[in-house]
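Student: model the structure of this input:
(chains A, B, C and D)
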There are 2 protein chains.
Amino acid sequence: MDEPLRKPYSAPISLKQLAEYLKLSPATVSLVVNNAPHVRTIAKATRARVLEAAKELNYRPNSLARSLRTRQTFTIGVIVPELSEGYFTILMNAVESSLLQAGYLHFVVSHQWQPDLIDEYPKLLLNRFVDGLLLVNTELHQAVNVPVVSISGHKKMQGVTNILLNHDRSAMLALKHLYDLGHRRIAFMRGQRHVSDSQSRWESTMGRAQEIGIEVDPELCIYLEANSWLPELGYGPTRDLLSRRRDFTALFCFNDTAALGAIRAIADAGLSCPGDISVVGFDDIAVAAYHLPSLTTVRQPLRQMGEIAAQLLIKRIQNPNEEYADAIHFDPELMARESTREVSG
Amino acid sequence: MDEPLRKPYSAPISLKQLAEYLKLSPATVSLVVNNAPHVRTIAKATRARVLEAAKELNYRPNSLARSLRTRQTFTIGVIVPELSEGYFTILMNAVESSLLQAGYLHFVVSHQWQPDLIDEYPKLLLNRFVDGLLLVNTELHQAVNVPVVSISGHKKMQGVTNILLNHDRSAMLALKHLYDLGHRRIAFMRGQRHVSDSQSRWESTMGRAQEIGIEVDPELCIYLEANSWLPELGYGPTRDLLSRRRDFTALFCFNDTAALGAIRAIADAGLSCPGDISVVGFDDIAVAAYHLPSLTTVRQPLRQMGEIAAQLLIKRIQNPNEEYADAIHFDPELMARESTREVSG
DNA sequence: CCGACGAGGCCCAAACTGGTG
DNA sequence: GCACCAGTTTGGGCCTCGTCG
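Tutor: Numbers count the residues shown, from 1 in each chain, chains lettered A, B, ... in the order given. Below is the predicted model of the structure:
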């Protein structure tokens, strides 16, 4: 365990120094180390010599100088609303590993739903010459001249590929599940106005409800307001709802975190989940399966969505002139667990 | 809502173009826009002219060219084990906002506890000329020539400032709490060997236990192994423990996520928390207060720790020659909630 | 058989990226 | 105004060798 510290990591030698050592010009060395097309014109023996010396002297090209010239930074900018638990971490674990494999690093900025930051951050990142943008639950207000991939709820826009969940299917899975368990009076949670997913999810939910024959009572609809992705998001609104009305047997939440808050509010009101009220979440974050009761939820394949998003973004960066789909849809999956149960009586 | 899209964000003009427009040399313009010390030598009227034109033509200095010259990138590298729920998100929310306020962006890389990546990532980031490194639960194997701030569990090392939790106090808070509730037979969870915090926390726990008069039964000690920061981390080991022994009334967990897994394991074994077994967590992640039962836990002031870490790192970057403490300690706080209760019988 | 000329092979000079001092 | 940061890129230049008159 107590291995001696090696010498501090120091700046590598420059291309010029390497060229001098090899008695070659910087141009030649550059061609070889980059394996540029033009490298054919350089003798095989020379190439080998260069590569060997580069390895030996541990030559590493200066990324700033290179980027300055080539206008490529191998950096992408990620814009998220906030570093939420569950949702964000699962997604970004997938994004990060895909990006790193391709040799890209990424900046992360979170705008906390502040409109000025939503405007500002794309510019800030472009000033740093990111090669592309990855948006999570965030909408661009201004076209940009780098490839953009957006996860969840972006308007259709030139140059932006949207990674989307099939909302109709999501709503159908959750509502069918509740309906089959006998639930008829269901409370609904609508996401915050500024969360770009809210609108389409809500419409899908209302549409499917009508289709199945579930009547939606406006009085049983909760409208989330808090700028938060924490359990308190669902706690307050659910507590308020319960103080007004208790004539419902199920609650369909906007996300798992809110669902955890809701279940707490139900317990604090002296009721039980799923005994009195069944709760359905959304996302399937890691704690969902371990919570008491474990959470029935509509699972988003966040890992795959993150991977595809990152890979597609890189493909678009490296191949800007091809045609790309402007939307990719993913299918949700219902994870039926303990927080939903047949309606009693 | 349907505001028209503004023109795409385009590359700003260069310093040279600006200079040409003003019929001045690039040098002069550079001096003015940077408000360099030497700027005194330039007529006030000229200065004003330059600044006005810069604003008007929306001049933005090319960050790559500037960094190439100045060897400063206003970028810092953050190395974490993984993008864990709770711990990571709270910390990074604080880090991010502090960094952004100071004009810094950051790269995040997570090494997933793979030794080769722990070695590789500092070099990768230094190749990108980060101005400093922020380590979370990660140890450097090689000295580097930029300032480093480390949160949790770094060995003492030249040039590294450690942000640490007072482990003795943490252990004392948790154990005293359990002891006062009448618990004498307590099970303990030891963090993974490769998690740098594990060792010192374990030693503190053992030391305080002895001091208070709690006997530690090696058979009641759980050794975490999984490379995970998810509830399963605590679930498996707790389930195994319960299948062997049930003669304990409390369990002190390595972190909250593991505690949630443990509580689930207790429930799955037909026991109840806190009825049969009290559980104490560590960290105080967001769900802790909403879980059923809500989690008694040792709270780390992660937000403050993140803020201080980021601010100190920036101070060290901008002021490299001053002396800095090599450790800053933070005090934990006990959040007594429902998962612990007086021992019955 | 010699000299001229053309064709490649191999490498380099120099301009360029955009700003600093 | 000029050198400098550290690379990339491209249009030649020089040399060699082969061929042909």
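Student: give me the residue from chain A nearest DNA strand C.
Tutor: Per Cβ to the nearest atom of the strand, the residue of chain A with the smallest distance to DNA strand C is A:Ala27, at 2.9 Å. To be clear about C-beta, it is placed using only N, CA and C from the backbone, and glycine gets the same treatment.
Student: packing partners of the host helix or strand of that residue?
Tutor: Element membership for A:Ala27 (DSSP states H and E) is helix A:26-34. If contacts are counted by 3 or more Cβ pairs under 8 Å, 6 or more residues apart in numbering or on different chains; DSSP states H and E, helix A:26-34 sits against helix A:15-22, helix A:44-56.
Student: between those, which one is closest to chain B.
Tutor: Among these, the nearest to chain B by Cβ to the nearest Cβ is helix A:15-22 (13.4 Å).
Student: mind checking how far that closest one is from the chain centre?
Tutor: Relative to its chain's centre, helix A:15-22 lies at 44 Å (Cα atoms, centre = their mean, to the nearest Å).
Student: now do the buried residues in that helix.
Tutor: Of all the residues in helix A:15-22, those buried under the rule 16 or more other Cβ atoms under 10 Å in any protein chain shown are A:Leu15, A:Leu18, A:Ala19, A:Leu22.
Student: I'd like those residues laid out as a markdown table, including pLDDT.
Tutor: Formatted as a markdown table, those follow (pLDDT from 0 to 100):
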| residue | pLDDT |
| --- | --- |
| A:Leu15 | 93 |
| A:Leu18 | 93 |
| A:Ala19 | 92 |
| A:Leu22 | 92 |
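Student: follow-up on the earlier one: which parts of the helix holding A:Ala27 are buried?
Tutor: Buried, per 16+ other Cβ under 10 Å, within helix A:26-34: A:Thr28, A:Val29, A:Ser30, A:Leu31, A:Val32, A:Val33.
Student: one more: stretch A:114-125?
Tutor: Under 16+ other Cβ under 10 Å, the buried positions of stretch A:114-125 are A:Leu117, A:Ile118, A:Tyr121, A:Pro122, A:Leu124, A:Leu125.
Student: burial of the closest residue to the second one other than its chain neighbours, as a residue count?
Tutor: Among residues not flanking A:Ile118 along the chain, A:His111 sits closest, at 4.9 Å (Cβ to Cβ, 6 or more residues apart in numbering or on different chains). Burial of A:His111 is recorded as 19 neighbouring residues (other Cβ atoms under 10 Å in any protein chain shown).
Student: so how far is B:Thr161 from A:His111?
Tutor: Separation of A:His111 from B:Thr161 (Cβ to Cβ, to the nearest Å): 30 Å.
Student: and the helices in the stretch 101-250 of chain A?
Tutor: With DSSP state H, counting those that start in this stretch as the criterion, the stretch 101-250 of chain A has helices at A:115-127, A:167-180, A:196-212, A:232-244.
Student: what's the angle from the longest one to helix A:167-180?
Tutor: Note on geometry: by axes from the mean of the first three to the mean of the last three Cα atoms, to 10 degrees, helix A:196-212 and helix A:167-180 are set 50 degrees apart in direction.
Student: what helices and strands are in contact with helix A:196-212?
Tutor: helix A:167-180, strand A:186-190.
Student: now those as TSV including distance to DNA strand C?
Tutor: What follows is these, written out as TSV (distance: least, Cβ to the nearest atom of the strand, whole Å):
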stretch	distance to DNA strand C
helix A:167-180	43
strand A:186-190	46
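Student: just put these in JSON lines and tack on mean neighbour count and mean pLDDT.
Tutor: As requested, the helices and strands packed on helix A:196-212 are exported to JSON lines (neighbours: other Cβ atoms under 10 Å in any protein chain shown; pLDDT from 0 to 100):
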{"stretch": "helix A:167-180", "mean neighbour count": "20", "mean pLDDT": "98"}
{"stretch": "strand A:186-190", "mean neighbour count": "24", "mean pLDDT": "97"}
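Student: and of those, who's closest to chain B?
Tutor: The minimum distance between chain B and these falls on strand A:186-190, with 15.5 Å, by Cβ to the nearest Cβ.
Student: that closest one pairs with which strands, and in what direction?
Tutor: Next to strand A:186-190 in the sheet, as set by DSSP bridges, lie strand A:221-223 (parallel), strand A:250-252 (parallel).
Student: could you identify which of the ones you listed is most buried?
Tutor: strand A:250-252 (a mean of 29; mean count of other Cβ atoms under 10 Å in any protein chain shown).
Student: so how far is that one off the chain centroid?
Tutor: In terms of Cα atoms, centre = their mean, the centre of strand A:250-252 is found 26 Å from the chain centre.
Student: what does that strand contact?
Tutor: Strand A:250-252 is contacted from outside by A:174-175, A:178, A:181, A:183, A:185-189, A:205, A:238, A:259, A:262, A:266, A:277-280, A:340, A:343, using Cβ atoms under 8 Å, 6 or more residues apart in numbering or on different chains.
Student: repeat for stretch A:322-330
Tutor: The contact list for stretch A:322-330 (Cβ under 8 Å, 6+ apart) reads A:156, A:160-166, A:300-301, A:304-305, A:308, A:312, A:315-316.
Student: start and end of it, how far apart?
Tutor: 23 Å (Cα to Cα, to the nearest Å).
Student: again, but for stretch A:74-88
Tutor: Start-to-end, stretch A:74-88 (Cα to Cα) is 22 Å.
Student: buried residues in it?
Tutor: Buried, per 16+ other Cβ under 10 Å, within stretch A:74-88: A:74-88.
Student: now stretch A:287-305
Tutor: Quick answer for stretch A:287-305 (16+ other Cβ under 10 Å): A:287-302, A:305.
Student: that stretch and chain B, are they touching?
Tutor: Yes - residues of stretch A:287-305 contacting chain B under Cβ under 8 Å from any Cβ of the partner chain: A:Val287, A:Ala289, A:Tyr290, A:His291, A:Leu292, A:Pro293, A:Ser294.
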